[in-house]
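Visitor: Coordinates for the following, if possible.
(3 chains)
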Amino acid sequence: MPEPTESSLLLYAEVQRFYARQMQQLDLGKAQSWAQTFTADALFDVPTLPEPVRGRAKLVAAVERARAQLAAAGERHRHVMGMVDVLERPDATLDVRSYTTVYASAVGGASRVHRVCVCEDVLVREDGELRVARRKVTRDDLP
Amino acid sequence: MPEPTESSLLLYAEVQRFYARQMQQLDLGKAQSWAQTFTADALFDVPTLPEPVRGRAKLVAAVERARAQLAAAGERHRHVMGMVDVLERPDATLDVRSYTTVYASAVGGASRVHRVCVCEDVLVREDGELRVARRKVTRDDLP
Amino acid sequence: MPEPTESSLLLYAEVQRFYARQMQQLDLGKAQSWAQTFTADALFDVPTLPEPVRGRAKLVAAVERARAQLAAAGERHRHVMGMVDVLERPDATLDVRSYTTVYASAVGGASRVHRVCVCEDVLVREDGELRVARRKVTRDDLP
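Guide: Below is the predicted model of the structure:
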């Protein structure tokens, strides 16, 4: 366990900031902007998809499909990431493990916890920006 | 999108810290201290008030009314802010958009998600301290 | 209220990072690693124990008992800390007050808010690392 350094603590703040914006883009349905927070060939492995997908076009399609389903159901979803644990690898990539709670609100109804997930990302830096190169999400309610 | 700078990352930590204390003051019913985290003429536009109000006296009154209602209902509320997205404006004000989840616990009963909200603030710096100059909160369960 | 300084903002990020890892260790059942995030003689006062306990062996036992109960119930728990308020004391210890929301998911069932707690810690630095010297947790649903 290395001593905490100024650069690693600033990086920690940067990772938190990165996810705050990324989750908001997702919930706002900004599929294109959201997809840009992944690398061009990112691997995306989440319970809402039948199998892992690769690349931004598939990410955009997944967001747009989810948006349509939410609209049809009259619900709003918010993805809230917490307990972000960042491990800096020697090659400067980051292993980030965090929790994602998804809240659902029925418009005209009640709000509730929809899902509790664990999100395991590999982050890389491209052109000065953090991007997700690989995401694996697991749901606590699934075996 | 500017490169992340050390000052903007420190500011990000400061904004998080600001909200942590502000929310705790609210939940502790420290109405006066909480109101001091707003500018003297802050505009406060939230779903629990029939119309937007301006100024600390109105903020204090709103907190005290909410406290009385909670006490009568035998409940405790916690406001948890997450996914704090900070945009620094050229005039040094901050546009901050975040999610606020309100948890309610019946004393002697159960805990639950009460509200899921989006909070849009304008933050300014006064005498070295961040303060909210304008707050607009919307509830996910309202049309 | 002192002006925010760079060192106190870096410390704020460090405290957040500390808790993210500590909560993940707890939820992963890494009892020994988790116990190492407390001082050797830490005082641990939580609602799940009939009385306060002291020392890492008792902490490990508490985690292992909780793990066995969760396994028997077919549930997963996630501890999410939020609204972390840090007060630096003149002796360099930290008073940290935060909220902990515990989410429960029945494997093959639904996810829900299980508990909403307030966590009051005293943090110290040992060998360069933050550690909890004292923890007091209260549940919002208990009188």
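Visitor: Now do the helices in chain A.
Guide: Applying DSSP state H to chain A gives helices spanning A:6-27, A:31-35, A:56-73.
Visitor: where does chain A have low pLDDT?
Guide: A:1-4 (pLDDT under 70).
Visitor: got the residues of it near chain B?
Guide: Counting by Cβ under 8 Å from any Cβ of the partner chain, the positions of chain A adjacent to chain B are A:10, A:13-14, A:16-17, A:19-21, A:23-24, A:76, A:78-82, A:103, A:105-113, A:128-129. For glycine as for every other residue, the C-beta is placed from the backbone atoms N, C-alpha and C.
Visitor: Pull out the buried residues from these.
Guide: Neighbour-count burial (16 or more other Cβ atoms under 10 Å in any protein chain shown) applied to the residues of chain A next to chain B gives A:10, A:13-14, A:16-17, A:19-21, A:23-24, A:76, A:78-82, A:103, A:105, A:111-113.
Visitor: restrict the residues of chain A next to chain B to those near chain C?
Guide: Among the residues of chain A next to chain B, proximity to chain C is found for A:10, A:13, A:16, A:82, A:112-113 (Cβ under 8 Å from any Cβ).
Visitor: which pair in the residues you listed spans the largest distance?
Guide: A:L10 and A:R112 (36.3 Å; Cβ to Cβ).
Visitor: the longest strand in chain A is where?
Guide: The single longest strand within chain A, with elements called by DSSP state E, is strand A:111-126.
Visitor: Only alpha carbons, please: show that one as PDB.
Guide: Provided in PDB are the C-alpha atoms of strand A:111-126 (Å, rounded to 0.1, in the frame of the first residue of the first chain):
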ATOM      1  CA  SER A 111     -39.600   6.500  -5.700                       C
ATOM      2  CA  ARG A 112     -37.700   3.400  -4.800                       C
ATOM      3  CA  VAL A 113     -34.500   1.500  -5.000                       C
ATOM      4  CA  HIS A 114     -34.500  -0.300  -8.300                       C
ATOM      5  CA  ARG A 115     -31.100  -2.000  -8.500                       C
ATOM      6  CA  VAL A 116     -28.000  -2.300  -6.400                       C
ATOM      7  CA  CYS A 117     -25.000  -3.100  -8.600                       C
ATOM      8  CA  VAL A 118     -21.200  -3.500  -8.400                       C
ATOM      9  CA  CYS A 119     -19.400  -1.700 -11.200                       C
ATOM     10  CA  GLU A 120     -15.900  -2.800 -12.200                       C
ATOM     11  CA  ASP A 121     -14.200  -0.500 -14.700                       C
ATOM     12  CA  VAL A 122     -10.800  -0.200 -16.300                       C
ATOM     13  CA  LEU A 123     -10.100   3.500 -16.900                       C
ATOM     14  CA  VAL A 124      -7.500   4.900 -19.300                       C
ATOM     15  CA  ARG A 125      -6.500   8.400 -20.200                       C
ATOM     16  CA  GLU A 126      -6.900   9.500 -23.800                       C
END
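Visitor: interface residues of chain A facing chain C?
Guide: Counting by Cβ under 8 Å from any Cβ, chain A sits next to chain C at A:1, A:3-4, A:6, A:9-10, A:12-13, A:16, A:82-86, A:97-99, A:101, A:112-116, A:118, A:139-143.
Visitor: wait, what's in contact with the nearest residue to A:W34 once chain neighbours are set aside?
Guide: In space, and not counting its chain neighbours, A:W34 is closest to A:Q25: 4.0 Å by Cβ to Cβ, 6 or more residues apart in numbering or on different chains. A:Q25 is in contact with A:33-34, A:37, counting by Cβ atoms under 8 Å, 6 or more residues apart in numbering or on different chains.
Visitor: Correct me if wrong: A:G82 contacts A:T101.
Guide: Yes - in terms of Cβ atoms under 8 Å, A:G82 counts as a neighbour of A:T101; the distance is 6.9 Å.
Visitor: re earlier: which among the residues of chain A next to chain C end up buried?
Guide: Judged by 16+ other Cβ under 10 Å, buried ones among these: A:4, A:9-10, A:12-13, A:16, A:82-86, A:97-99, A:101, A:112-116, A:118, A:139-141.
Visitor: could you measure the residue of chain A found nearest chain B against chain C, distance?
Guide: Nearest residue of chain A to chain B (Cβ to the nearest Cβ) works out as A:S105 at 3.6 Å. Distance, A:S105 to chain C, using Cβ to the nearest Cβ, to the nearest Å: 14 Å.
Visitor: residues contacting the nearest residue to that residue once chain neighbours are set aside?
Guide: Nearest residue to A:S105, sequence neighbours excluded (Cβ to Cβ, 6+ apart): B:D140, at 3.6 Å. Each residue near B:D140 by Cβ under 8 Å, 6+ apart is listed here: A:76, A:78, A:103, A:105, A:107, A:111, B:115-118.
Visitor: For the closest residue to chain C within chain A, give its distance to A:V84.
Guide: Closest residue of chain A to chain C, Cβ to the nearest Cβ: A:D140 (3.5 Å). Separation of A:D140 from A:V84 (Cβ to Cβ, to the nearest Å): 17 Å.
Visitor: now do the same end-to-end measure for stretch A:122-140.
Guide: One end of stretch A:122-140 to the other measures 20 Å (Cα to Cα, to the nearest Å).
Visitor: Show me which positions of that stretch end up buried.
Guide: Neighbour-count burial for stretch A:122-140 flags A:122-124, A:130-137, A:139-140 (criterion: 16+ other Cβ under 10 Å).
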